[in-house]
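Q: pasting the sequence and the predicted coordinates here, then a few questions.
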Amino acid sequence: MAARMDLDGRLIKPMTICMIGAGGFIGSHLCEKLMAETPHKVLALDVYNDKIKHLLEPDSLPWAGRIEFHRINIKHDSRLEGLIKMADLTINLAAICTPADYNTRPLDTIYSNFIDALPVVKYCSENNKRLIHFSTCEVYGKTIGSFLPKDSPLRKDPAYYVLKEDTSPCIFGSIEKQRWSYACAKQLIERLIYAEGVENGLDFTIVRPFNWIGPRMDFIPGIDGPSEGVPRVLACFSNNLLRREPLKLVDGGQSQRTFVYIKDAIEAVLLMIENPDRANGHIFNVGNPNNEVTVRQLAEMMTQVYTKVSGEPMLQSPSIDVSSKEFYGEGYDDSDKRIPDMTIINKQLGWNPKTSLWDLLESTLTYQHRTYAEAIKKSMAKPTAF
Ligand SMILES: NC(=O)c1ccc[n+]([C@@H]2O[C@H](COP(=O)([O-])OP(=O)(O)OC[C@H]3O[C@@H](n4cnc5c(N)ncnc54)[C@H](O)[C@@H]3O)[C@@H](O)[C@H]2O)c1
Ligand SMILES: O=c1ccn([C@@H]2O[C@H](COP(=O)(O)OP(=O)(O)O[C@H]3OC[C@@H](O)[C@H](O)[C@H]3O)[C@@H](O)[C@H]2O)c(=O)[nH]1
């Protein structure tokens with residue numbers, strides 16, 4: 001493997017990374033990248049390893065010995081501190097992060113995103129270890145613009161909706177809107193990490209992902225996850241397309257999101273890992289401001305792309321409207337619009353996303369079709385028990 005240089009032309013020394021939540025969507029892509037392109041070693045902690053199995057076996061893989069899986073629930077496992085001590089850097093990805101859980105399992109959500117992250121921060125701080133913590137774009141909540149009158153011309157002014165790490169406020173709904181339990185827990189852990197940095201010198205980087213999507217995201221209900229489970233929108237819509245049922249648009253699908261391809265976003269994380277001097281002490285938005293759509297437009301685009309990659313005809317009525325109460329239950333609320341400001345990540349790491357929404361959906365839905373179409377057909381052909 002050729003010697004790796006950082007952005008300032010210095011040689012990058014191989015390091016050991018303790019990655020918590022390595023078996024999830026982002027973790028699996030990050031492990032893949034680290035194994036294929038770097039000499040770094042990964043201590044991969046998670047309760048599951050299905051999404052990284054292909055990196056762990058067989059022993060003949062070129063990176064064998066550089067990735068070690070530890071089946072650990074960080075809620076209660078005394079091995080955690082030892083593993084953090086063995087590493088140069090800890091990356092914490094572990095969390096409950098599906099909106100269907102925020103208002104239905106608010107206690108688990110708050111414990112997972114705040115309480116369970118506390119020992120990780122403490123062990124890093126006490127042992128002088130660097131921490132990259134995964135927060136979320138949800139900490140911004142709603143845009144200022146969403147509170148302006150519908151016809152106000154200021155709604156078109158980016159000052160009222162573009163989200164900036166160092167100046168935008170965090171605007172959540174009332175306490176009974178339990179949707180915000182996740183965002184609020186993530187905000188408090190960000191504040192704690194920031195305070196550890198200021199008061200105790202913790203070397204930290206906080207990442208705020210803006211809807212990273214791609215292969216291996218979440219699960220397809222009834223195939224590799226519970227039939228009644230509700231994953232994030234990419235997997236919900238993929239599931240509908242695979243089963244040839246209409247895509248469900250929550251409250252008319254008017255909310256807006258910017259989607260970034262997981263492989264672009266992982267490039268940004270690798271830059272953070274390998275350029276500590278440029279990344280420490282910073283909070284980074286990581287998203288693609290050019291890929292903005294309403295959820296309704298996303299549904300239309302996914303339907304078109306899926307028709308192309310599967311060769312199956314489009315349904316007569318490709319989508320239906322559902323209320324958020326019906327879909328998520330009491331206490332749901334939504335972010336109206338999420339456009340990341342890219343100034344800080346651009347200046348510090350020179351990173352820019354590359355992949356258009358159409359292209360990323362094409363590669364992702366090709367993967368979904370190849371991975372799940374047969375299994376879905378088989379499961380739908382089975383007679384249902386009465
Ligand atoms: N994917 C996105 O677009 C996105 C957006 C915003 C924030 N994030 C944040 O990024 C992080 C990773 O997200 P993801 O999309 O990969 O989610 P994911 O659910 O696929 O991955 C999280 C992983 O953490 C593991 N985990 C959870 N609790 C654990 C515990 N107590 N002990 C050990 N392992 C545990 C899970 O088993 C899972 O494999 C999360 O913190 C999430 O809040 C992701
Ligand atoms: O079937 C569906 C699923 C979802 N939706 C809508 O699609 C939008 C996006 O939903 P997602 O499930 O991807 O989740 P959100 O973008 O709201 O939040 C996500 O953002 C950042 C991360 O912290 C988390 O991964 C998650 O909280 C929401 O407006 C939701 O209401 C549908 O209209 N239909």
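A: Arrived safely. Numbers count the residues shown, from 1 in each chain. Ligands and ions are numbered 1, 2, ... in the order given.
Q: bridging across strands, which residues link to the residue minimising distance to the centre of the chain?
A: Centroid-nearest residue in the chain: residue 212, 5.3 Å away (criterion: CA atoms, centre = their mean). Beta bridges link residue 212 to residue 260 when assigned by DSSP bridges.
Q: next one: residue 132
A: Applying DSSP bridges, one finds that residue 132 bridges with residue 91, residue 205.
Q: does it touch residue 88 like I think?
A: No: applying CB atoms under 8 Å, one finds residue 132 not in contact with residue 88, separated by 11.5 Å. C-betas here are computed from N, CA, C, even on glycine.
Q: tell me which of the two has more neighbours.
A: residue 132 (24 against 16; other CB atoms under 10 Å).
Q: any idea how far residue 185 lies from residue 118?
A: Per CB to CB, to the nearest Å, residue 185 is found 11 Å from residue 118.
Q: er, residue 192 I mean
A: To residue 118, residue 192 is 7 Å away according to CB to CB.
Q: ok, back up a step: check the residue nearest to the centre of the chain and give its pLDDT.
A: Per-residue pLDDT puts residue 212 at 98.
Q: how many residues are close by the closest residue to residue 50 other than its chain neighbours?
A: Spatial nearest neighbour of residue 50, excluding adjacent residues (CB to CB, 6 or more residues apart in numbering): residue 23 at 7.0 Å. Residue 23 has 24 neighbours, counted by other CB under 10 Å.
Q: residue 23 reaches residue 42, doesn't it?
A: No: counting by CB under 8 Å, residue 23 does not reach residue 42; the two are 11.5 Å apart.
Q: returning to what we had before: need the contact list for the residue nearest to residue 50.
A: By CB atoms under 8 Å, 6 or more residues apart in numbering, residue 23 lies in contact with 44, 46, 47, 48, 49, 50, 51, 52, 69.
Q: which among these end up buried?
A: Buried members of the contacts of residue 23, scored by 16 or more other CB atoms under 10 Å, are 44, 46, 49, 51, 52, 69.
Q: farthest pair in those?
A: Across the buried ones among the contacts of residue 23, the longest distance by CB to CB is 11.3 Å; it joins 51 and 69.
Q: ok, back up a step: residue 192 and residue 118: who's more crowded?
A: A count of neighbours by other CB under 10 Å puts residue 192 above the other of residue 192 and residue 118, at 18 against 11.
Q: once you drop chain neighbours, what's closest to the more buried one?
A: Nearest residue to residue 192 in three dimensions, chain neighbours excluded: residue 121, at 6.2 Å (CB to CB, 6+ apart).
Q: which element, helix or strand, includes the one you found?
A: Using DSSP states H and E, residue 121 maps to helix 118-126.
Q: how close does the residue of the chain found nearest ligand 1 get to residue 154?
A: Here the chain gets closest to ligand 1 at one residue, residue 24, 2.0 Å apart by CB to the nearest ligand atom. Separation of residue 24 from residue 154 (CB to CB) stands at 39 Å.
Q: residue 6 and residue 272 touch, don't they?
A: No: assessed by CB under 8 Å, residue 6 is found out of contact with residue 272, at 11.2 Å.
Q: and those two? which has more neighbours close in?
A: Counting neighbours by other CB under 10 Å for residue 6 and for residue 272 shows that residue 272 has the greater number, 23 against 14.
Q: quick one: the more buried one from residue 282, how far?
A: 8 Å.
Q: need the overlap of contacts for those two.
A: Common contacts of residue 272 and residue 282, defined by CB under 8 Å, 6+ apart, comprise residue 205.
Q: host element of the closest residue to residue 349 other than its chain neighbours?
A: Of all residues not flanking residue 349 in the chain, residue 271 sits nearest, at 4.3 Å (CB to CB, 6+ apart). For residue 271, the element it lies in under DSSP H and E is helix 262-274.
Q: and that helix, what does it pack onto?
A: helix 25-37, strand 89-92, strand 130-134, strand 204-209, strand 212-213, helix 276-279, strand 282-286, helix 343-349 (3 or more CB pairs under 8 Å, 6 or more residues apart in numbering; DSSP states H and E).
Q: and residue 17, which of the ones you listed is closest to it?
A: strand 89-92 (5.0 Å).
Q: now for that closest one, which elements pack on it?
A: With contacts taken as 3+ CB pairs under 8 Å, 6+ apart, strand 89-92 sits against strand 16-20, helix 118-126, strand 130-134, helix 262-274.
Q: can you name the residues that contact residue 27?
A: Residue 27 sits next to 19, 21, 44, 46, 51, 52, 93 when contact means CB under 8 Å, 6+ apart.
Q: quick check, pLDDT for residue 205.
A: You'll see residue 205 listed with a pLDDT of 99.
Q: contact residues of the chain facing ligand 2?
A: Residues of the chain lying near ligand 2 by CB under 6 Å from any ligand atom: 97, 99, 136-138, 211, 232-233, 236, 248-250, 253, 255, 257, 295, 334.
Q: quick one on the thing from earlier: okay if I get the contacts of residue 23 as CSV plus secondary structure and pLDDT?
A: Shown next, in CSV, are the contacts of residue 23 (DSSP: H, G, I helix; E, B strand; the rest coil; pLDDT from 0 to 100):
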residue, secondary structure, pLDDT
44, strand, 98
46, strand, 98
47, coil, 98
48, coil, 98
49, coil, 98
50, helix, 98
51, helix, 98
52, helix, 98
69, strand, 98
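Q: out of the residues you listed, who's nearest ligand 2?
A: residue 51 (15.7 Å).
Q: quick one: contacts for that closest one?
A: 23, 24, 25, 27, 28, 216.
Q: for those, which one is nearest ligand 2?
A: Distance to ligand 2 across these (CB to the nearest ligand atom) is lowest for residue 25, with 9.0 Å.
Q: and the residue lying closest to the closest one once chain neighbours are set aside, which of the three is it?
A: Leaving aside its sequence neighbours, residue 25 sits nearest to residue 217 (CB to CB, 6+ apart; 4.7 Å). Here residue 217 is recorded as coil under DSSP: H, G, I helix; E, B strand; the rest coil.
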